[in-house]
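S.K.: Here you go, sequence then predicted model.
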Amino acid sequence: MLSIPAACWLCQMPLILAHHGCCSFCLRHLPRLPTCCPRCGLPAATSQQECGRCLLHPPAWQHMVAVSDWQPPIRDLVKRLKFFRATALSSLLARLMLLSWLSARREHRLRRPDLLLTVPLQKKRAWKRGYHQMESITRSLAHWLGCRYVPAGLRPVRQTAVQHNLTARARRRNLRGAFRVDIDVRGQHIALIDDVVTTGSTAGEMSRILLAAGAASVQVWCLCRTL
């Protein structure tokens, strides 16, 4: 029987390697991030050292890796994965995140994490959505990197308000004490995986509790960083 060739998610041209999800032309022409601070992931004069914001008020994590700003086409793919059950996109988005981390590793000599964790969904939101949009992506990354992934390593302990309706200060207040670490992370170098980082409040709270539990370091990896 003849197999049906897979198409690039962006240009719809047939792919030789179906599991890549994106052709080499579209991959080369994805919008590039501007020069960003290696720690907070926001625009800066240089990517070789921490920006003035981080020198004055450093985030809890040690390094951020992002695939894209919140703009097309990655923004649209994230929306399809998150809200329209396009779980077939997971392989492509995992590959893009891996390529972004490998590039950051070469530039900043990042160490390979021992453990991958995802930002957990509140029970009500997980029930409504029916799946965690980052779990399949994180499983692929753990397999490719040869490190451990614990899906329930972080757990919500109380219901929180929806973050995108809140100011940055309200987001931090909303998340304080909302999560707990359910596994032993002492001495572990951890990568925290999320789809979108906006103000960094969620990533900051997660990183804070992981470091308080004894983690050696925390990197934040995301598909989109709002600049």
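M.R.: Looks like it came in fine.
S.K.: what pLDDT, on average, does stretch 97-110 get?
M.R.: Stretch 97-110 shows a mean pLDDT of 96.
S.K.: List the buried residues of it.
M.R.: Counting neighbours by 16 or more other CB atoms under 10 Å, one finds that the buried residues in stretch 97-110 are M97, L98, S100, W101, A104, L110. In this view, the C-beta of every residue, glycine as well, is placed from N, C-alpha and C.
S.K.: Show me where the chain has its strands.
M.R.: Along the chain, counting by DSSP state E, strands occupy 63-69, 115-118, 148-149, 154-156, 179-181, 189-197, 217-225.
S.K.: For this protein, name the helix or strand with the lowest mean pLDDT.
M.R.: Among the helices and strands of the chain, helix 168-175 carries the lowest confidence by mean pLDDT, DSSP states H and E, at a mean of 63.
S.K.: okay if I get the strands of the chain as CSV plus mean pLDDT and mean neighbour count?
M.R.: Shown next, in CSV, are those (pLDDT from 0 to 100; neighbours: other CB atoms under 10 Å):
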stretch, mean pLDDT, mean neighbour count
strand 63-69, 98, 23
strand 115-118, 98, 24
strand 148-149, 97, 18
strand 154-156, 88, 17
strand 179-181, 90, 17
strand 189-197, 97, 23
strand 217-225, 98, 24
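S.K.: Distance to Q48 added to the ones you listed, as TSV?
M.R.: What follows is the strands of the chain, written out as TSV (distance: least, CB to CB, whole Å):
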stretch	distance to Q48
strand 63-69	13
strand 115-118	26
strand 148-149	31
strand 154-156	31
strand 179-181	32
strand 189-197	21
strand 217-225	17
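S.K.: Out of those, the one nearest I209 is which?
M.R.: Nearest to I209 among these is strand 179-181; the distance by CB to CB comes to 5.7 Å.
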